[in-house]
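A.B. asks: 3D model of this:
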Amino acid sequence: MNRLSLTKRPRILSALVERTAINAIVRMTGVSKVTILKLIKDVGEACLEFENKALRNLPCKYIESDEIWSFCYAKEKNVPHDKQGKFGYGDVWTWTALDAETKLLC
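C.D. replies: Here you go, the predicted structure:
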């Protein structure tokens with residue numbers, strides 16, 4: 001099995017953090033799109049595992065919470081009838097929680 005080199009991984013992740021399009025990263029690095037998407041999945045799983053271990057029993061006193069609304073494909077009222085109720089179409093809500101003292105965002 002081929003492995004993505006340790007020098008290319010940070011280069012790809014750095015470009016992603018800078019909001020570079022995946023197709024542009026493919027052109028810049030010569031790495032396939034499938035490999036980049038797999039790297040994103042692997043890094044996401046590693047981050048989830050770290051957060052599940054590290055963010056336990058926090059001494060937070062004051063939590064500021066908020067929600068962010070957006071839409072995927074179309075706003076809920078404009079989603080075609082054949083796509084209504086399906087995942088990936090309509091309103092999208094993201095909830096956030098911020099510790100007022102440490103500025104930890106979850």
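A.B. asks: show me where the protein has its strands.
C.D. replies: All strands of the chain, identified by DSSP state E, fall at 63-72, 90-99.
A.B. asks: closest one to Arg11 among those?
C.D. replies: Minimum separation from Arg11 across those (CB to CB) falls at strand 90-99, 28.5 Å. C-beta here means a position set from N, CA and C on the backbone, and glycine is covered the same way.
A.B. asks: and the closest one with strand 63-72, angle?
C.D. replies: If you take axes from the mean of the first three to the mean of the last three CA atoms, to 10 degrees, strand 90-99 sits at 160 degrees to strand 63-72.
A.B. asks: tell me the buried residues in strand 90-99?
C.D. replies: The neighbour-count check on strand 90-99 (16 or more other CB atoms under 10 Å) flags Gly90, Leu98, Asp99 as buried.
A.B. asks: out of the residues you listed, flag the one nearest to Arg19.
C.D. replies: Leu98 (22.4 Å).
A.B. asks: for His81, see how far away that closest one is.
C.D. replies: 39 Å (CB to CB, to the nearest Å).
A.B. asks: can you list the strands of the chain in JSON lines and add distance to Asn52 and mean pLDDT?
C.D. replies: Shown next, in JSON lines, are the strands of the chain (distance: least, CB to CB, whole Å; pLDDT from 0 to 100):
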{"stretch": "strand 63-72", "distance to Asn52": "19", "mean pLDDT": "91"}
{"stretch": "strand 90-99", "distance to Asn52": "16", "mean pLDDT": "90"}
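A.B. asks: using a markdown table, lay out those strands together with distance to Lys38.
C.D. replies: A markdown table is the format used below for the strands of the chain (distance: least, CB to CB, whole Å):
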| stretch | distance to Lys38 |
| --- | --- |
| strand 63-72 | 23 |
| strand 90-99 | 24 |
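A.B. asks: nearest to Gly44, out of these?
C.D. replies: With CB to CB as the measure, strand 90-99 is the member of those nearest Gly44 (15.4 Å).
A.B. asks: domain-wise, how is the protein divided?
C.D. replies: 8-54, 63-99 (automatic domain parsing).
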